[in-house]
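> give me coordinates for this.
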Amino acid sequence: MLIKNLTHKDYTTRGDFYQLKLPLNIEYMIPDDDSVRLLGQIVEEMDLSELYKTYSRIRKKQATPTQMLKVILYAYMNSCYSTRRIESACKRDINFMYLLEGSPAPDYTTIARFRSLHFVPVSENLMAQFTEILAENGEISMKNLFVDGTKIEAASNKYTFVWRGSVTKNQQKLMDKIPAFFKKAEEDYELKIAYSDKIKMYHLKKLRRKLCKIKKDESIEFVYGIGKRKSLLQKTLEQLDEYISRLKKYNKHLHIMGERNSFSKTDTDATFMRMKEDAMKNGQLKPGYNIQFGVDAEYVVWISAGSQPTDTTTLIPFLDSMKSNLKYTYKNIVADSGYESEENYVYLDENNQLAFIKPSNYEISKTRKHKTDISRKENMSYDKENDFYICSNGKKLVVTGMKFSKSKTGYKSEKTCYTCEDCSECQLKSKCINGTSKKPLEGRTKHLEISKLFQKKREAALERILSDEGTELRMNRSIQAEGAFGEIKQDMGFRRFLCKGKKNILAECILLGLAHNVNKLHNKIQSERCSTYLHPLKTA
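Numbering: from 1, shown residues only. Here you go, the predicted model:
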């Protein structure tokens, strides 16, 4: 039998095939040990007053901010990041319907607005609250913090780069052209503009005003199009406008760049850096962010985002951010060799924290080549009382001065300079003196620059990481900190940001961290591993 009116828009006209069945409450269809129930309990425990303050008014018959937070967190827990896919899930998935508690499913624009306008201002507050909940329930140790970083690609095209070197070079070329142009314009129109040794933007604008006044006084009309000859004044003004426009563009680029060496035109907060995901295998630079995770007992307790291509200068801002948001500080800071610097060591000592940081030369120092390299200070004898080194040829390297340097972050370090008393006629000079220099090898002398403070801190950190406690913490760092990134990138499939801007991508990272923590807590509860902080060392 053919169905009549098959193309009718209302599909319920022939819906008498199915019988209404009980129960109508979908909660009975969700298992008692489902993670969606755990998420609902955690969000209800949070103080969401700051989230509600981001709304000017809350309409009736729509999802509340609490329900929206539950929905977006559950979506991230299930690797669903697209707002359109979240909207579809709210209409079809009973777990999302359970979180909405009978409210109509929000559309994708509402979800996107919630993520960018309402969640971003309170993201750090919610992260701190979740960490406090874990601490109150004894799920984190509040003693050992495992720090690690990764680079995630920004939502920006890889060909939208602006390099500091190119901008400064082109700016200098333009500034070299301007004096000759300025002088010619003054001679052609009998003008005189006072300036010192350098022509600046306001001098160019002043020249433009005077040229425009000449145009108005002499009633000169500018012509455009093919076959029309431009006047000298029109050519001069157009050239001047081009110079002003280019100078403004270069100044704007340098202002956006700040202390960085590059940025992306479509996401100005993103910096070009090398990623581990290199499909072309050519070390191509891509716009991205350096994301820092602080992990304790497999939970992500704090997150920060930066534009630094290396991890060395990210540790202090990360710990400062933790200190300003959390109620407690960690005693042991465990990190890999990428975080080693004198500034970081001094900062941790000043804050009464122990540095379990692997020295950057730890792996290479165990090789035969390093142990037999006579040019290194580690392979020279040192007289601590008289403060001098003795090289392989028996010559003394004595103190000849001090060297002071300042890092990009403003940290001032002090290095002691050692120079060999006599390197002439030394048979080991070719093996002892390295580096390139215009001066011939015969006329060169062995020279060392050593920071005694850094050397002292490094030796103390090396002693700590080689202890039984340090060995266990180093092993757990590789499992917990790197494991958290592995779960987010590989298991949850998050490898590229959807938002733009530093604040937005930090909020997106916090969403990932919260989702990861709920999943981790659920797994620990079900596998009866609650309140376990460290993986034990395996012994033979």
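
> go ahead and confirm residue 445 touches residue 426.
No: counting by Cβ atoms under 8 Å, residue 426 is not a contact partner of residue 445; they are 9.7 Å apart. Using the backbone N, CA and C atoms, a C-beta is placed for each residue, glycine as well.

> more neighbours: which of the two?
Neighbours were counted for residue 445 and for residue 426 using other Cβ atoms under 10 Å; residue 426 has more, 20 against 17.

> can you classify that one by secondary structure?
coil (DSSP: H, G, I helix; E, B strand; the rest coil).

> where does pLDDT dip in this protein?
Flagging of the chain using pLDDT under 70 yields the residue ranges 1-8, 11-24, 279-280, 540.

> do a quick rundown of the strands in it.
When assigned using DSSP state E, the strands of the chain occupy the ranges 144-153, 161-163, 262-264, 271-274, 285-296, 299-306, 332-335, 354-357, 381-383, 388-390, 396-406, 412-420, 447-450.

> and the spatially closest residue to residue 108 that is not a sequence neighbour, what does it touch?
Nearest-residue entry for residue 108: residue 83, 3.9 Å, with adjacent residues in sequence omitted and distances by Cβ to Cβ, 6 or more residues apart in numbering. Contact analysis of residue 83 by Cβ atoms under 8 Å, 6 or more residues apart in numbering lists 108, 109, 111, 112, 115.

> next step: the residues you listed restricted to helices.
Counted as lying in helices by DSSP state H, out of the contacts of residue 83, are 108, 109, 111, 112.

> related to what we said a few turns ago, closest to residue 524 out of the strands of the chain?
Smallest distance to residue 524 across the strands of the chain (Cβ to Cβ): 9.2 Å, for strand 299-306.

> before we move on, the earlier item: state the distance from the residue nearest to residue 108 to residue 311.
32 Å (Cβ to Cβ, to the nearest Å).

> so residue 472 makes contact with residue 534?
Yes: Residue 472 is within contact range of residue 534, at 6.3 Å (criterion: Cβ under 8 Å).

> which neighbours do the two share?
Going by Cβ under 8 Å, 6+ apart, no residue sits against residue 472 while also sitting against residue 534.

> quick check: end-to-end length of stretch 215-222?
9 Å (Cα to Cα, to the nearest Å).

> and the contacts of that stretch?
By Cβ under 8 Å, 6+ apart, the residues outside stretch 215-222 that reach it are 214, 230, 231, 233, 234, 237.

> ranges for the helices of the stretch 201-350 of the chain?
201-217, 232-257, 315-325, 342-350 (DSSP state H, counting those that start in this stretch).

> would you convert those into a markdown table that also reports mean neighbour count and distance to residue 512?
What follows is those, written out as a markdown table (neighbours: other Cβ atoms under 10 Å; distance: least, Cβ to Cβ, whole Å):
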| stretch | mean neighbour count | distance to residue 512 |
| --- | --- | --- |
| helix 201-217 | 14 | 44 |
| helix 232-257 | 15 | 27 |
| helix 315-325 | 18 | 17 |
| helix 342-350 | 18 | 26 |
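
> need those helices in CSV with distance to residue 173, can you?
Shown next, in CSV, are the helices of the stretch 201-350 of the chain (distance: least, Cβ to Cβ, whole Å):
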stretch, distance to residue 173
helix 201-217, 16
helix 232-257, 10
helix 315-325, 36
helix 342-350, 37
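
> which among the ones you listed is found nearest to residue 522?
Proximity to residue 522, assessed across those by Cβ to Cβ, is greatest for helix 315-325 (24.7 Å).

> for that closest one, packing partners?
Where contact means 3 or more Cβ pairs under 8 Å, 6 or more residues apart in numbering; DSSP states H and E, helix 315-325 is packed against helix 123-136, strand 285-296, strand 299-306, strand 332-335, helix 342-350.

> mind doing that once more with 7 Å?
Helices and strands touching helix 315-325, by 3 or more Cβ pairs under 7 Å, 6 or more residues apart in numbering; DSSP states H and E, are strand 285-296, strand 299-306, helix 342-350.

> possible to save these as TSV with distance to residue 250?
Output for the helices and strands packed on helix 315-325, formatted as TSV (distance: least, Cβ to Cβ, whole Å):
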stretch	distance to residue 250
strand 285-296	20
strand 299-306	25
helix 342-350	32
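
> so for residue 69, which of these sits nearest?
Comparing the helices and strands packed on helix 315-325 by their distance to residue 69 (Cβ to Cβ), the top pick is strand 299-306, with 17.1 Å.

> and the closest one, how far from the chain's centre?
Strand 299-306 has its C-alpha centroid displaced from the chain centroid by 10 Å (Cα atoms, centre = their mean, to the nearest Å).

> who's in contact with that strand?
When contacts are defined by Cβ atoms under 7 Å, 6 or more residues apart in numbering, strand 299-306 is touched by residues 127, 131, 134, 139-140, 289-295, 314, 317-318, 321-322, 326, 484, 502, 505-506, 509-510, 513, 516-517, 520.

> now the buried members of those residues.
127, 131, 134, 139-140, 289-295, 314, 318, 321-322, 326, 484, 502, 505-506, 509-510, 513, 516-517, 520 (16 or more other Cβ atoms under 10 Å).

> can you count the residues close to residue 404?
Residue neighbour count, defined by other Cβ under 10 Å, stands at 8 for residue 404.

> give the contact list for it.
Contacts for residue 404 were tallied using Cβ under 7 Å, 6+ apart; they are 412, 414.

> now with 8 Å?
412, 413, 414, 415.

> same thing with residue 254?
164, 167, 168, 171.

> of those residues, just the buried ones, PyMOL syntax please.
Those of the contacts of residue 254 that count as buried under 16+ other Cβ under 10 Å are selected in PyMOL with:
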select buried, resi 164+167+171
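
> show me the contacts of residue 254 that map onto helices.
Counting by DSSP H, the contacts of residue 254 place 164, 167, 168, 171 in helices.

> so which pair among those is furthest apart in space?
Largest separation among the ones in helices among the contacts of residue 254 by Cβ to Cβ: 164 and 171, giving 10.3 Å.

> before we move on, back to that, JSON lines for the contacts of residue 254, including distance to residue 285?
Below are these laid out as JSON lines (distance: Cβ to Cβ, whole Å):
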{"residue": "164", "distance to residue 285": "13"}
{"residue": "167", "distance to residue 285": "16"}
{"residue": "168", "distance to residue 285": "18"}
{"residue": "171", "distance to residue 285": "22"}
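
> just give me the closest of the contacts of residue 254 to residue 479.
The closest of the contacts of residue 254 to residue 479 turns out to be residue 164 (Cβ to Cβ; 38.9 Å).
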